[in-house]
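Engineer: Sequence first, then the predicted structure, then my questions.
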Amino acid sequence: MIGLLESLARPLLRMLDPEDAHRLAIQALKVPPFVKLVADDPRLAVRAFGLDFPNPIGMAAGFDKHAEVPDALLKLGFGFVEVGTVTPLPQSGNPRPRIFRLNGDEAVINRLGFNSDGAAAVLRRLTARANNGGIVGLNIGANRASTDRIADYVRLIETLAPVASYFSVNISSHARRTRRHRQRGAQAPHRWRDCWQYHPRAAANVARAHDREGGRWPLRAAAVRACDADAG
């Protein structure tokens, strides 16, 4: 059945602009009442970063950028979903076209430029599904116009800690490559220390949310990923 659906849908999707096809996929995931029909084989379970993953295959950041369909993706069988990249304030990203198909390589070039609905919208959506379970991580990044990227990361962790299973940090300079390399080489260690110094405050925020709401708001691990390209 899946093969039949793919053979029908793929040619139609390839007739669309890549970003429009992606948007259509997101909208389609909002329609059916998805139910996970097959339980994960216990042999696929993985424990990492203090988290129990039902299987090791997850949906990476970049697909559900605005936390619109994490539950549908989990019910499709993914062991976790990473939402984002999320920025503190909404921003439109780079002008279109900004996604390009490489048909011969079965790949795409992504130049979205951190288009994001912003932290408030993501917090609202993830709060609404907080009791649904599943591992939902958050990939966070700074706003393009930010004058203090570390402050952006801190602000995002503080805001989104109550609804995040884990965080990953997308470090991507929107300036010239030479400047990016210089920042990465000279400033990265200090950036990490600043983020980790904030981490206990984020955990305290989780505890306060737990007491206030009477629910379980996990913040069990913080993962860091450095990304060289202006993607997102």
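Structural biologist: Happy to help now that I have it. Numbering: from 1, shown residues only.
Engineer: quick one: pLDDT of Ala120?
Structural biologist: Note for Ala120: predicted pLDDT of 96.
Engineer: Run a quick neighbour tally on it.
Structural biologist: When neighbours are counted by other Cβ atoms under 10 Å, Ala120 registers 13. Just so you know, the C-beta spots here come from the backbone N, C-alpha and C atoms, and that holds for glycine as well.
Engineer: next one: Gly84
Structural biologist: Neighbour count of Gly84, defined by other Cβ under 10 Å: 27.
Engineer: Just checking the distance from the helix or strand harbouring it to the centre of its chain.
Structural biologist: Element membership of Gly84, judged by DSSP states H and E, is strand 80-86. Remark: strand 80-86 is offset 1 Å from the chain centroid, using Cα atoms, centre = their mean, to the nearest Å.
Engineer: Check what contacts that strand and list those residues.
Structural biologist: 51, 53, 58-62, 64-67, 70, 73-74, 114, 116-119, 122, 126, 134-141, 156, 160, 165, 168, 170, 232 (Cβ atoms under 8 Å, 6 or more residues apart in numbering).
Engineer: Quick check: nearest residue in space to the residue nearest the centre of the chain, chain neighbours excluded?
Structural biologist: In the chain, the C-alpha nearest the mean C-alpha coordinate belongs to Val83, at 2.3 Å (Cα atoms, centre = their mean). Residue nearest to Val83 in three dimensions, not counting chain neighbours: Ala67, with 4.5 Å by Cβ to Cβ, 6 or more residues apart in numbering.
Engineer: Please give me every residue in contact with that neighbour.
Structural biologist: Contacts for Ala67 (Cβ under 8 Å, 6+ apart) come out as 83, 86, 121-122, 125-126, 136.
Engineer: Now list the buried members of the contacts of strand 80-86.
Structural biologist: 51, 53, 58-59, 61-62, 64-67, 70, 73-74, 114, 116-119, 122, 126, 134-141, 156, 160, 165, 168, 170, 232 (16 or more other Cβ atoms under 10 Å).
Engineer: picking that back up, ok, what's across the strand from the residue nearest to the centre of the chain?
Structural biologist: Beta bridges link Val83 to Leu138, judged by DSSP bridges.
Engineer: Which of the buried ones among the contacts of strand 80-86 fall within helices?
Structural biologist: Counted as lying in helices by DSSP state H, out of the buried ones among the contacts of strand 80-86, are 70, 73-74, 119, 122, 126, 156, 160.
Engineer: Isn't Leu89 up against Asp117?
Structural biologist: No: using Cβ atoms under 8 Å, Leu89 is not in contact with Asp117; the gap is 9.9 Å.
Engineer: CA-only coordinates of the strand holding Gly84, as CSV, when you get a sec.
Structural biologist: Taking Å, rounded to 0.1, in the frame of the first residue of the first chain, the C-alpha atoms of strand 80-86 are listed here in CSV:
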residue,chain,number,x,y,z
PHE,A,80,11.6,10.9,18.0
VAL,A,81,10.9,14.2,16.2
GLU,A,82,13.2,17.2,16.3
VAL,A,83,11.3,20.4,15.7
GLY,A,84,12.9,23.5,14.3
THR,A,85,15.0,25.4,13.7
VAL,A,86,13.1,27.7,16.1
